[in-house]
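1. My questions are about this predicted structure, shown below with the sequence.
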Amino acid sequence: MKILVIGGTGRVGSAVVSGLLGQGAAVRIMTHSPDKLKKLPAGVEGIRADLDDPDTLPAAFEGIDGVFLLNAVGLSETDEGLFAVTAAREAGVKKIVYMSVYMPEGSEIIPHFRSKVPVEKAVKESGIAYTILRPNNFFQNDLWLKDAIMRHGVYPLPIGGKGLNRVDVRDIAACAVNALMKSDHEGQVYPINGPDTLTGEDVALIYSKHLDREVRYGGDDLDAWAERAKYMMPEFMVPEMRIMYQYFQNHGMAATNDNLEKQRKILGRMPSSFDDFVKEIIPAWKAAVPHAA
């Protein structure tokens, strides 16, 4: 089976590629970056193409049996996803796994959640066997926060006090690999969550535990967060993320027992815990920032 991984050089996609290689699949990674093509894992085919340029897609999809579709948050995200589904259909792809987002009722007000709804619809109506994965907020988002946590003792993401069932991207990747390589997940939409509902205070306490010193939650002030964030992300993303964090603060993003039970069918095990994730990353953080306060 030959799998095209779109987004295969990113954090989730690279874990999908690793899992597919471990299952003996032939893997092609599509990227618009010539530099990234030079750094692909051994045994992986690379092709330069861009979801923003539909004319480049037929070559990328040629001879492909299955597709993992992850397109980045951006102003043209919906169009890019729709172009990919069209290319898959025209190439005769047999299976598509689309990574969407965990989307409780009302969360469509978040722009980069809403942008995925038409892509989900197109996937379902494509005539291709499909699985849709809807993951919650990633543990690995915190890897960008090393300096704030280690140097300043602050967890800065304003996720609020309702709680999110945050998830390890490696669990998302494992679900994607199972969906691509097995035939019993077709026509399904799977929420993908971690086992614990975590508030901002909970996250700070877990970091405090593994650092053996206090890490404070930075609080729910979205104005203050936006002022800092404008130096760290594209301008268009700041208001989008502010809407997301406001939703988190007002409603949370908690998994139900039914969500977790359904997830077990595709993951095949209990999901990884945030506590274990922090325990894993802290030694490297301490080595990188040895004189943190």
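-> Done, it's in.
2. So which other helices or strands are in contact with the helix or strand of the chain with the lowest mean pLDDT?
-> Taking mean pLDDT, DSSP states H and E as the measure, the chain has helix 34-37 as its least confident helix or strand, at a mean of 89. The contact analysis (3 or more CB pairs under 8 Å, 6 or more residues apart in numbering; DSSP states H and E) places helix 34-37 against strand 45-48. Where you see a C-beta, it was placed from the backbone N, CA and C, and this is true even at glycine.
3. What pairs with the strand it packs on, parallel or antiparallel?
-> strand 26-31 (parallel) (DSSP bridges).
4. ok, residues contacting the strand it pairs with?
-> 1-6, 8-9, 13, 17, 20-21, 37, 40, 43-49, 60, 64 (CB atoms under 8 Å, 6 or more residues apart in numbering).
5. what are the phi and psi values for Arg216?
-> phi -100, psi 150 (degrees, to the nearest 10).
6. Is it in contact with Pro156, as I believe?
-> No - the pair Arg216 / Pro156 is not scored as a contact, 9.8 Å apart, by CB atoms under 8 Å.
7. Go through stretch 216-225 and flag the buried ones.
-> 216-218, 220, 222, 225 (16 or more other CB atoms under 10 Å).
8. Straight-line length of it, end to end?
-> Counting by CA to CA, to the nearest Å, you get 15 Å between the two ends of stretch 216-225.
9. Report the mean confidence score over that stretch.
-> Averaging pLDDT along stretch 216-225 yields 97.
10. swap in stretch 276-291?
-> So the average pLDDT for stretch 276-291 ends up being 92.
11. Residues touching it, excluding its own?
-> 139, 142-143, 146-147, 149-151, 168, 206-207, 209-211, 292.
12. Out of the residues you listed, which end up buried?
-> Buried among those by 16+ other CB under 10 Å: 139, 142, 149-150, 168, 206-207, 210-211, 292.
13. Generate CSV for those, with secondary structure and distance to Thr31 as supplementary columns.
-> Shown next, in CSV, are the buried ones among the contacts of stretch 276-291 (DSSP: H, G, I helix; E, B strand; the rest coil; distance: CB to CB, whole Å):
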residue, secondary structure, distance to Thr31
Phe139, helix, 24
Asp142, helix, 25
Ile149, helix, 31
Met150, helix, 32
Asp168, coil, 24
Ile206, helix, 34
Tyr207, helix, 33
His210, helix, 35
Leu211, helix, 36
Ala292, coil, 35
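14. quick one, what contacts Met270?
-> Contacts of Met270 by CB under 8 Å, 6+ apart are 195, 264.
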